[in-house]
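Engineer: Predicted structure and sequence below. I'll ask about it afterward.
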Amino acid sequence: METALETDQLGKRYGNTWALRDCSLHLPAGRIAALVGPNGAGKSTLLHMAVGLLRPDAGTVRVFGETPYDNTAALAEIGFVAQDTPLYRDFTAGELVTMGGKLNRRWDGTLARTRLAQLGIPPDKPVGKLSGGQRAQVALALALAKRPRLLLLDEPVASLDPLARREFLQALMGSVAESGTTVLLSSHLLADLERVCDYLIVLHGARVRLVGPVEDLVAEHRQLVGPRHGDDPIPGVASVVRASHTDRQSTLLVRTDGPIGDTSWAAHEVTLEDVILGYLADGDRPTSNEAWGVPA
Ligand SMILES: Nc1ncnc2c1ncn2[C@@H]1O[C@H](COP(=O)(O)OP(=O)(O)OP(=O)(O)O)[C@@H](O)[C@H]1O
């Protein structure tokens, strides 16, 4: 299968601090992928390198086989909606659609106008005077009009109310289903991601913690509840993601590589949210109490 995005040992550093490190992953074409991680995990940094806004300090990033940095041909294949949906606020939505046609060689202005008309967005009002949700829809319509093969969205629904969020995600799903566009979408809203995404990338502490098709990842993880557990290996368990213990009982989130044969463990299925939260709970906090002058 064709690969839309591929990184190998990709890294970006600010001063002495790695914003993203040893990032190796691939995103097959046609997927709608969730990019998840706590604040400061490196999500925007990864997206900015994928869209050629940042030059990597280590490793490589390729979009459909091309390096995006300083590569106009590669950038023509990528749509990007940045975190705060920046738009020229004095321009109207209609003017932005016209401008897009002058700046992009493959531009579907009719698609953008049809979408914006369906959403009831006025064509003649400066976008600075639209609501946050309407602005996000304008930004998405412009990104889709570019007919990108890869669409990168950095927290596109963060500022939207639940109804606007649902409409935005439905619009996104509808149009990428028609066009076959690959999407990589960062968000903190796990329930939304569970509804729309079929591929998952978890970042934590500047590193990739988990990558793969949602269906496989959910199927491979189990919650085990059983007698207090030490460090002994459990047959069928490839790794323990997270463990909590009482005096007599242990509860483990595990990644399996076979059936759990030991009947002293009760094995429960997990949701995507359980898996994500398990990986997010594991990892160091970048800023210590000492740095803030508070006791540990
Ligand atoms: N321009 C910059 N200069 C210095 N450090 C930066 C810069 N941009 C990002 N960082 C640092 O890089 C790390 C990763 O930041 P990034 O914005 O990629 O995280 P994120 O996962 O997108 O976070 P959020 O969910 O808050 O948007 C953070 O520690 C951040 O402080």
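Structural biologist: In hand now; what should we look at?
Engineer: which residue ranges form the helices in the stretch 101-250 of the chain?
Structural biologist: Using DSSP state H, counting those that start in this stretch, the helices found in the stretch 101-250 of the chain span residues 109-118, 132-145, 162-179, 190-196, 214-220.
Engineer: Which positions in stretch 14-33 come out as buried?
Structural biologist: W18, A19, L20, R21, C23, L25, L27, G30, R31, I32, A33 (16 or more other Cβ atoms under 10 Å). C-beta coordinates here come from the backbone N, C-alpha and C atoms, glycine included.
Engineer: same thing with stretch 109-117?
Structural biologist: Residues of stretch 109-117 classed as buried by neighbour count (16+ other Cβ under 10 Å): L111, A112, R113, R115, L116.
Engineer: what packs against the helix or strand where E95 lies?
Structural biologist: Remark: E95 resides in helix 93-103, with elements defined by DSSP states H and E. Applying 3 or more Cβ pairs under 8 Å, 6 or more residues apart in numbering; DSSP states H and E, we find helix 93-103 packed against helix 109-118, helix 132-145.
Engineer: Turn the ones you listed into CSV, including mean pLDDT and distance to L53.
Structural biologist: Shown next, in CSV, are these (pLDDT from 0 to 100; distance: least, Cβ to Cβ, whole Å):
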stretch, mean pLDDT, distance to L53
helix 109-118, 90, 23
helix 132-145, 87, 15
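Engineer: Can you redo these as a markdown table, where the extra columns are distance to the ligand?
Structural biologist: Below are those laid out as a markdown table (distance: least, Cβ to the nearest ligand atom, whole Å):
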| stretch | distance to the ligand |
| --- | --- |
| helix 109-118 | 27 |
| helix 132-145 | 16 |
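Engineer: Next, format these as TSV and append distance to L217.
Structural biologist: Shown next, in TSV, are these (distance: least, Cβ to Cβ, whole Å):
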stretch	distance to L217
helix 109-118	32
helix 132-145	27
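Engineer: Would you tell me which of those gets closest to V202?
Structural biologist: With Cβ to Cβ as the criterion, V202 lies closest to helix 132-145 of the helices and strands packed on helix 93-103, at 24.2 Å.
Engineer: mind saving the C-alpha coords of the closest one as PDB?
Structural biologist: Extracted C-alpha coordinates of helix 132-145, given in PDB (Å, rounded to 0.1, in the frame of the first residue of the first chain):
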ATOM      1  CA  GLY A 132     -14.700  30.800  15.500                       C
ATOM      2  CA  GLY A 133     -16.700  27.800  14.100                       C
ATOM      3  CA  GLN A 134     -17.400  29.500  10.800                       C
ATOM      4  CA  ARG A 135     -13.800  30.500  10.400                       C
ATOM      5  CA  ALA A 136     -12.700  26.900  11.000                       C
ATOM      6  CA  GLN A 137     -15.100  25.800   8.300                       C
ATOM      7  CA  VAL A 138     -13.700  28.400   5.900                       C
ATOM      8  CA  ALA A 139     -10.200  27.200   6.600                       C
ATOM      9  CA  LEU A 140     -11.200  23.600   6.000                       C
ATOM     10  CA  ALA A 141     -13.000  24.500   2.800                       C
ATOM     11  CA  LEU A 142      -9.900  26.300   1.500                       C
ATOM     12  CA  ALA A 143      -7.700  23.400   2.500                       C
ATOM     13  CA  LEU A 144     -10.000  21.000   0.700                       C
ATOM     14  CA  ALA A 145     -10.300  23.200  -2.400                       C
END
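Engineer: Can you tell me how far D22 is from the ligand?
Structural biologist: 14 Å (Cβ to the nearest ligand atom, to the nearest Å).
Engineer: Compute the first-to-last residue distance for stretch 219-236.
Structural biologist: 13 Å (Cα to Cα, to the nearest Å).
Engineer: Which stretches in the chain count as strands?
Structural biologist: 3-14, 17-28, 32-36, 58-63, 78-81, 150-154, 182-186, 199-204, 207-213, 221-227, 237-245, 249-256, 266-269 (DSSP state E).
Engineer: Next one: the fourth one, is it in contact with the ligand?
Structural biologist: In this case it means strand 58-63. No. Strand 58-63 does not reach the ligand (Cβ under 6 Å from any ligand atom); its nearest approach is 13.9 Å.
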